[in-house]
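J.: Sequence and predicted model, in that order:
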Amino acid sequence: MLSYQHIYHAGNLADVQKHALLAWMLDYKTRKDKPISYLETHSGRGLYHLDAAEAVQTGEAAAGIGRALSNGWFADDHPLARALRSVQAQFGETAYPGSPLIAASLLRPQDSLHFAELHPQEYAALKKALTGRGARTYRQDGFELAQSVLPPTPRRGMMLIDPSYEVKADYGRLPGLIAKLHRKWNVGLIALWYPILTDDRHVSMVSALKGLDLPNTFVHEVRFPPAREGHRMIGSGMFVVNAPFGIEDEAARLSDLFAKI
């Protein structure tokens with residue numbers, strides 16, 4: 001399935017939760033001088049402009065990152081704020097980074113970056129956005145890439161799994177896949193983002209994930225009003241394996257902020 005285009009949703013409230021946690025975890029992983037590997041299975045185009053017609057049409061960015069920034073959700077030294085400043089300095093004030101550019105902005109020359117994206121136009125845009133960043137890009141199925149690259153070099157690191165969930169079978173497939181990835185890379189931090197929809201289809205997946213014998217797992221979910229009448233997404237979740245110390249505090253801070261919407 002290649003119909004999903006994130007430009008309509010870039011910077012929405014789900015992105016705020018996902019990107020805040022991602023940036024925090026990347027910052028944590030780079031507090032030591034040792035290099036890390038960072039991998040993404042579903043990268044998207046990596047860079048969005050929030051004045052694009054598609055983004056303006058839905059208004060999701062204004063209700064998401066626009067609201068967060070205007071209400072001071074992120075201090076200047078928060079890693080997400082640092083990534084935003086870096087990307088806007090290079091691409092302009094309306095630029096908003098997807099997770100690939102957040103990672104590329106926060107990681108260091110000694111780190112190894114791998115990004116998969118199957119959609120041909122999204123892949124071309126991703127490759128252009130990452131020019132000069134030292135990242136490796138792959139136009140292939142992200143789940144296949146994840147299994148072929150693991151364990152990466154260096155072994156320390158993180159993977160973000162962020163599919164569009166256009167294929168409903170992904171919900172049932174992901175627990176087994178994550179268990180398999182962990183067996184191949186038992187030291188890796190594996191983060192799975194998922195949408196919370198009105199039909200609660202994520203519940204059985206999260207239950208299955210919790211039932212796996214995985215180390216130091218952490219789940220964070222936030223709820224928010226639908227972006228418009230009839231919109232099915234009402235929340236955002238993240239399931240983490242080998243969760244870093246202290247993530248509970250950042251997650252609790254975000255939960256308090258979302259609860260005030």
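T.: It's in.
J.: Could you use CA atoms for every contact and neighbour count after this?
T.: Noted.
J.: What residues does the residue nearest to residue 35 when sequence neighbours are not counted make contact with?
T.: Excluding the flanking residues, the one nearest residue 35 by C-alpha to C-alpha, 6 or more residues apart in numbering is residue 111, at 4.9 Å. By C-alpha atoms under 8 Å, 6 or more residues apart in numbering, the contact set of residue 111 is 35, 36, 37, 38.
J.: Could you do residue 59 as well?
T.: Contacts of residue 59 by C-alpha under 8 Å, 6+ apart are residue 227.
J.: returning to what we had before: pull up the gap between the residue nearest to residue 35 and residue 154, please.
T.: 8 Å (C-alpha to C-alpha, to the nearest Å).
J.: Of the contacts of residue 111, which is the nearest to residue 132?
T.: Residue 132 lies nearest to residue 38 out of the contacts of residue 111, by C-alpha to C-alpha, at 16.6 Å.
J.: what pairs with that closest one across the strands?
T.: residue 113, residue 158 (DSSP bridges).
J.: so how many other residues sit close to it?
T.: 27 (other C-alpha atoms under 10 Å).
J.: quick one: it and residue 54, what's the gap?
T.: 29 Å.
J.: Quick check: which element contains the nearest residue to residue 174 once chain neighbours are set aside?
T.: Counting by C-alpha to C-alpha, 6+ apart, residue 174 lies nearest to residue 205, which is 7.6 Å off, once chain neighbours are set aside. Under the criterion DSSP states H and E, the helix or strand holding residue 205 is helix 202-210.
J.: Buried residues, that helix. List them.
T.: 202, 205, 206, 209 (16 or more other C-alpha atoms under 10 Å).
J.: which of the residues you listed lies closest to residue 140?
T.: residue 205 (24.5 Å).
J.: Quick check: closest non-adjacent residue to residue 106.
T.: residue 83 (6.4 Å).
J.: For the stretch 101-250 of the chain, which segments are assigned as helices?
T.: For the stretch 101-250 of the chain, the helices defined by DSSP state H, counting those that start in this stretch occupy 120-129, 142-149, 169-184, 202-210, 247-259.
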